[in-house]
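> Sequence and predicted model, in that order:
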Amino acid sequence: DVKVTQSSRYLVKRTGEKVFLECVQDMDHENMFWYRQDPGLGLRLIYFSYDVKMKEKGDIPEGYSVSREKKERFSLILESASTNQTSMYLCASSFGDNTEAFFGQGTRLTVV
Amino acid sequence: AQKITQTQPGMFVQEKEAVTLDCTYDTSDPSYGLFWYKQPSSGEMIFLIYQGSYDQQNATEGRYSLNFQKARKSANLVISASQLGDSAMYFCAMREGEGNTPLVFGKGTRLSVIA
């Protein structure tokens, strides 16, 4: 079974903190993605990566950065957390062809 | 312009009935893939079905089928014989081109199955 694992299910952080969301996949997928999900807005792409040390901006990259030092791990970084970054964050991975993406269980982040 | 449009924020269906969830897409790329995902209240995203732009036949997976109308740019999900466990959010998504491009999602449809 493909596994995409996110480090936390629930997270509460204070405004201004630096926040790391970690994602690990065990299927040797080239592609990894970070989405945020908000009610009524669906899933919006923050960043994605198609190779180690490569990254591409998605639709809403402002306030976020990413790191991919190893193929299996893709980290999302909130440099200075703000309340409008309170959301569900979903990590996904896929092969480089037209196959489905596999998702982690999600991290519900609350910034207070 | 939105790439994926799901016009039904919420739908109700009686148990054992069939239901169609609408999805239209916008792309000028001749090569693309269309995906449907289910998200129950637990939050996990479950892949349901895939349709490639060059596929001649509509995709089917058990009780799920995809009504693919290429000229109309629609890819509606049909769930037959609805079950209470089908109550969830459903997302339509598209990947354009070949290889390393991300999935773009619609805003979703919340399906509620009534006993």
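Right, received. Where do you want to start?
> quick one, what contacts B:Pro102?
Neighbouring residues of B:Pro102 by CB atoms under 8 Å, 6 or more residues apart in numbering or on different chains: A:Asn31, A:Phe33, A:Leu45, A:Phe48, A:Gly58, B:Arg95. Placement of C-beta: from N, CA and C, glycine included.
> same question, B:Glu98
Applying CB under 8 Å, 6+ apart, we find B:Glu98 in contact with A:Asp97, A:Asn98, B:Ser31.
> which SSE is it in?
Following DSSP states H and E, there is no helix or strand that holds B:Glu98.
> What about A:Phe20, how many residues nearby?
Counted with other CB atoms under 10 Å in any protein chain shown, residues neighbouring A:Phe20 total 12.
> any weak-confidence spans in chain A?
Along chain A, segments meeting pLDDT under 70 span A:2.
> hang on, I meant chain B
Of all residues in chain B, those with pLDDT under 70 make up the ranges B:1.
> which parts of it sit against chain A?
B:6, B:9, B:33, B:35, B:37, B:43-45, B:47, B:50, B:52, B:91, B:93, B:95, B:98-100, B:102-108 (CB under 8 Å from any CB of the partner chain).
> hmm, 6 Å instead?
Applying CB under 6 Å from any CB of the partner chain, one finds that chain B approaches chain A through B:33, B:35, B:43-45, B:47, B:99-100, B:102-103, B:105-108.
> List the buried residues of the strand or helix carrying B:Ile49.
Per DSSP H and E, B:Ile49 falls inside strand B:46-52. For strand B:46-52, burial by neighbour count (16 or more other CB atoms under 10 Å in any protein chain shown) applies to B:Phe47, B:Leu48, B:Ile49, B:Tyr50, B:Gln51.
> Also stretch A:88-97?
A:Met88, A:Tyr89, A:Leu90, A:Cys91, A:Ala92, A:Ser93, A:Ser94, A:Phe95.
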